[in-house]
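*Asks:* have a look at this prediction, sequence included:
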Amino acid sequence: EVQLVESGGGLVQAGGSLRLSCATSGFTFENYAIGWFRQAPGKERDRVLCISNHDGSTYGRDSVKDRFTISSDNAKKTVYLQMNNLKPEDTAVYYCAADFLHCSGGTYWGQGTQVTVSS
């Protein structure tokens, strides 16, 4: 059974940092791309950053590339999203999702973790 479990969300003040984790199981980690998506209230879900464990490529939104970093630990089968200098507009539910080989729209999804940034 494929599982993705996010953790690390919470309430933080503007300018603070959080590190989200996406622990995976049930598939060959090295053959999948893991993306972080977020959905703010009343808005569509958008991809934030993605990393392909297949070829190491990463993709991300320009608006967060200088503040957010994605990394992957093959031994732990876990992908991390380090978020620095958080802004109130980063408030959203953050989801991780897996796609075979390359970053795409998400085939398997986690349940999400709430990130709230106060001003």
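*Replies:* Done, it's in. Residues are numbered from 1 along each chain as shown.

*Asks:* what is the subsequent helix or strand relative to the lowest-mean-pLDDT helix or strand in the chain?
*Replies:* Taking mean pLDDT, DSSP states H and E as the measure, strand 58-60 is the helix or strand of the chain with the lowest mean score, a mean of 89. Once the chain leaves strand 58-60, the next helix or strand it forms, by DSSP states H and E, is strand 68-73.

*Asks:* could you give me the buried positions within that next one?
*Replies:* 68-70, 72 (16 or more other C-beta atoms under 10 Å). All C-beta atoms are positioned from the backbone trio N, CA, C, and that covers glycine.

*Asks:* for those residues, which one is nearest residue 40?
*Replies:* Checking these against residue 40 by C-beta to C-beta gives residue 68 as the nearest, at 15.2 Å.

*Asks:* ok, the closest one to residue 83 distance?
*Replies:* 5 Å (C-beta to C-beta, to the nearest Å).

*Asks:* do the same with residue 109
*Replies:* Distance, residue 109 to residue 83, using C-beta to C-beta: 20 Å.

*Asks:* now the strands for this protein?
*Replies:* In the chain, the strands defined using DSSP state E lie at 3-7, 10-13, 18-25, 32-39, 46-52, 58-60, 68-73, 78-83, 92-100, 108-109, 113-118.

*Asks:* and those strands, which one is worst for confidence?
*Replies:* Among those, strand 58-60 has the lowest mean pLDDT, at a mean of 89.

*Asks:* pairing partners for that one, with directions?
*Replies:* Take DSSP bridges as the rule and strand 58-60 pairs in its sheet with strand 46-52 (antiparallel).
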